[in-house]
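Engineer: Okay, structure incoming, though there's no sequence with it:
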């Protein structure tokens, strides 16, 4: 939805995990929720001032993980949502002033921006708004889960079928970076140096990373980074390789390469 006019009762379907003040303002809490046709199942637990949150969608399964700053990854909740379509909207969420949202009812809160003086659907004017919100995110990343072959088509939302340790073997930190080393190949040609980058597996996830890599080159390590040549972004080929041509070093018999990873 992009406007209140698109809202209809009973049409909300989502899953989220958040960190902030839930039912006890001024404290850090985790709030996790699965909502089916606007009916929510909500759980609140203690949180920390800073944490990483991870949500993995694997077929009908939603795996939600958290890690406090300086701590270890924990599988927080698992949900089975066979009602979800193939394509979902994913992103960040913030919300505040729930007491006043609840006071006016779900129709008013979905059709009206609740600022003081706003006219509600019943004709009355809204007063008492007291939003107090500061939201901060260091980053958001998207990557495709790499499912181990022995867990293909497993019941990931059932701990009796797939344990937390089995999930953490490919989620948590294991979902952030490729497990394989990046292979670099440089081949001198008449017009310059052909630079090729590839991961050994050539998997779609690695190809996606290659499309966002930046390559810089220089003939002198003493140059500042701003003086290095920015080579055209590599082209991801069908075989999982990326390549770019560096023409600036064609007259030199040595040069240096810096690869900026996403």
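Structural biologist: That came through, no problem. In this text the structure is predicted, and so the values were computed from the model without any measurement.

Engineer: which residues of the stretch 1-150 of the chain fall in helices?
Structural biologist: 98-104, 106-111 (DSSP state H, counting those that start in this stretch).

Engineer: Pick the most deeply packed of these.
Structural biologist: helix 106-111 (a mean of 16; mean count of other C-beta atoms under 10 Å). Where you see a C-beta, it was placed from the backbone N, CA and C, and this is true even at glycine.

Engineer: do you know which of the helices of the stretch 1-150 of the chain lies nearest residue 6?
Structural biologist: helix 106-111 (10.0 Å; C-beta to C-beta).

Engineer: Which other helices and strands does that closest one contact?
Structural biologist: Applying 3 or more C-beta pairs under 8 Å, 6 or more residues apart in numbering; DSSP states H and E, one finds that helix 106-111 contacts no other helix or strand.

Engineer: which residues sit in contact with residue 130?
Structural biologist: 97, 100 (C-beta atoms under 8 Å, 6 or more residues apart in numbering).

Engineer: ugh, wrong one, residue 138
Structural biologist: No residues are in contact with residue 138 under the rule C-beta under 8 Å, 6+ apart.

Engineer: so how many other residues sit close to the residue nearest to residue 169 when sequence neighbours are not counted?
Structural biologist: In space, residue 169 comes closest to residue 148 once its chain neighbours are excluded; the distance is 7.0 Å by C-beta to C-beta, 6 or more residues apart in numbering. Counted with other C-beta atoms under 10 Å, residues neighbouring residue 148 total 10.

Engineer: thought residue 27 was touching residue 21?
Structural biologist: Yes: with contact defined as C-beta atoms under 8 Å, residue 27 counts as touching residue 21 (6.0 Å).

Engineer: between these two, who's got more neighbours?
Structural biologist: Shown here are residue 27 and residue 21; by other C-beta under 10 Å, residue 21 has more neighbours (17 against 11).

Engineer: Could you report the pLDDT at that one?
Structural biologist: Looking at residue 21, its pLDDT reads 90.

Engineer: List phi and psi for it.
Structural biologist: Here is the backbone geometry of residue 21 (degrees, to the nearest 10): phi -90, psi 120.

Engineer: roughly how far apart are residue 132 and residue 42?
Structural biologist: Distance of residue 132 to residue 42, computed by C-beta to C-beta, to the nearest Å: 21 Å.

Engineer: What of residue 145?
Structural biologist: 26 Å.

Engineer: Just the strands from the protein, written as ranges.
Structural biologist: Ranges of strands in the chain, per DSSP state E, are 14-20, 29-36, 39-46, 51-58, 61-68, 74-80, 183-189, 192-198, 214-218, 229-231, 235-236, 241-246, 256-260.
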